[in-house]
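> this one's sequence-less:
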């Protein structure tokens with residue numbers, strides 16, 4: 001599989017400013033709803049709260065390939081998220097991941113469908 005055709009993934013850790021947790025979670029909910037509805041090549045877009053760290057949010061993002069990620073970044077709802085989150089966060093850490101092995105959704109599988 002060429003690098004361009006390989007799945008593309010990210011892990012992102014956000015530290016939310018004190019008192020901004022509910023507003024950030026609402027922003028996440030609105031953004032993920034749009035991603036589910038409009039981005040079939042975004043295979044996984046999951047936000048997790050971290051046990052014992054109430055201001056931490058961990059995102060796992062899996063895209064069909066790098067082109068799907070680039071398309072995701074161009075979406076209006078993603079651009080809004082990127083702008084709106086700035087005042088709500090203390091820090092952001094991003095790790096780009098290369099798939100070595102595992103079980104992933106089938107490429108081309110419709111978002112939300114289960115096999």
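That came in fine, so what should we check first? Because the structure is predicted, anything quoted here is derived from the model rather than measured. Numbering: from 1, shown residues only.
> so what's residue 104 up against?
7, 43, 62 (Cβ atoms under 8 Å, 6 or more residues apart in numbering). Just so you know, the C-beta spots here come from the backbone N, C-alpha and C atoms, and that holds for glycine as well.
> my error: substitute residue 82 in the last question.
Contacts of residue 82 by Cβ under 8 Å, 6+ apart: none found.
> so how far is residue 89 from it?
11 Å (Cβ to Cβ, to the nearest Å).
> now do residue 26
Taken as Cβ to Cβ, the span from residue 26 to residue 89 is 14 Å.
> in the longest helix seen in the chain, what's buried?
In terms of residue count, the longest helix belonging to the chain (DSSP state H) is helix 21-38. Buried residues in helix 21-38, defined by neighbour count with 16 or more other Cβ atoms under 10 Å: 21, 24, 27, 28, 31, 32, 35.
> from the contact counts, what lies against the helix or strand following that helix?
Sequence-wise, the next helix or strand downstream of helix 21-38 (DSSP states H and E) is strand 42-50. Here strand 42-50 touches helix 21-38, strand 53-63, going by 3 or more Cβ pairs under 8 Å, 6 or more residues apart in numbering; DSSP states H and E.
> strand partners (parallel or antiparallel) of strand 42-50?
Looking at strand 42-50 with DSSP bridges, its partner strands are strand 53-63 (antiparallel).
> how much space between residue 16 and residue 37?
Distance of residue 16 to residue 37, given as Cβ to Cβ: 25 Å.
> then residue 88?
From residue 88 to residue 37 the distance is 23 Å (Cβ to Cβ).
> and residue 21, by the same measure?
25 Å.
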